[in-house]
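Colleague: this one's structure only:
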């Protein structure tokens with residue numbers, strides 16, 4: 001049996017800045033060092049589709065402007081925080097984070113889109129320690145990425161004590 005040549009030139013590390021995700025960074029960095037690969041950090045801010053855009057008793061155009069302003073301010077604050085975390089937490093990892101990307105949208109779709117656009121060879125993510133029933137009923141970002149990805153996905157679970 002001939003084994004395929006495994007190459008990893010670019011790794012996407014998708015993070016929500018949870019402890020699980022921060023633990024997964026060690027694996028993303030190790031893979032990047034092992035394969036001398038580029039490493040891109042991605043954080044996706046979910047869209048506020050469930051938020052009521054129009055306050056009762058306020059003119060619709062004013063309420064819409066208020067909602068979009070709050071949404072934009074929130075996104076900009078999250079982007080600033082993610083960039084700050086990337087600089088402080090991942091600086092000493094002995095691997096260069098080539099790019100820090102913050103996107104808005106559906107996390108599964110955005111992770112897959114960025115992986116495709118950046119021509120990544122693998123995706124590394126932290127896995128939450130939820131039960132099988134909860135995963136089956138609610139779904140999860142990592143399950144969606146694993147099911148739809150055309151490249152390998154490494155799901156790292158934080159060890160429980």
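Modeller: Here it is on my side, so go on. Treat the numbers as computed from the prediction; the structure is a model and nothing was measured.
Colleague: List the contacts of stretch 18-33.
Modeller: For stretch 18-33, the surrounding residues in contact (C-beta atoms under 8 Å, 6 or more residues apart in numbering) are 8, 11, 13-15, 37-39, 89-90, 93-95, 122, 124-129, 154, 156-159. C-betas here are computed from N, CA, C, even on glycine.
Colleague: one more time with 6 Å, if that's ok
Modeller: Outside stretch 18-33, the residues that touch it by C-beta atoms under 6 Å, 6 or more residues apart in numbering are 11, 13, 15, 39, 93, 95, 124, 125, 126, 128, 156, 158.
Colleague: Looks to me like the second one is in a strand.
Modeller: When you say that, I think you mean residue 13. Yes. Judged by DSSP: H, G, I helix; E, B strand; the rest coil, residue 13 forms part of a strand.
Colleague: Separate out the buried members of the contacts of stretch 18-33.
Modeller: The neighbour count (16 or more other C-beta atoms under 10 Å) marks 11, 13, 15, 39, 93, 95, 124, 125, 126, 128, 156, 158 as buried among the contacts of stretch 18-33.
Colleague: Check those and tell me the two furthest apart.
Modeller: The two members of the buried ones among the contacts of stretch 18-33 with the most space between them (C-beta to C-beta) are 95 and 128, at 24.5 Å.
Colleague: of the buried ones among the contacts of stretch 18-33, closest to residue 141?
Modeller: For these, the nearest to residue 141 is residue 125 (7.6 Å; C-beta to C-beta).
Colleague: beta partners for that closest one?
Modeller: As for beta bridges, residue 125 partners with residue 14, residue 155 under DSSP bridges.
Colleague: Could you do residue 102 as well?
Modeller: Beta-bridge pairing for residue 102 (DSSP bridges): residue 43.
Colleague: from what I can see it touches residue 82, true?
Modeller: Yes. Residue 102 lies in contact with residue 82 (C-beta atoms under 6 Å); the separation is 5.2 Å.
Colleague: shared neighbours, those two?
Modeller: What both residue 102 and residue 82 touch, as defined by C-beta under 6 Å, 6+ apart, is the set residue 43.
Colleague: out of the contacts of stretch 18-33, who's nearest residue 47?
Modeller: Out of the contacts of stretch 18-33, the member with the shortest distance to residue 47 (by C-beta to C-beta) is residue 15, at 18.1 Å.
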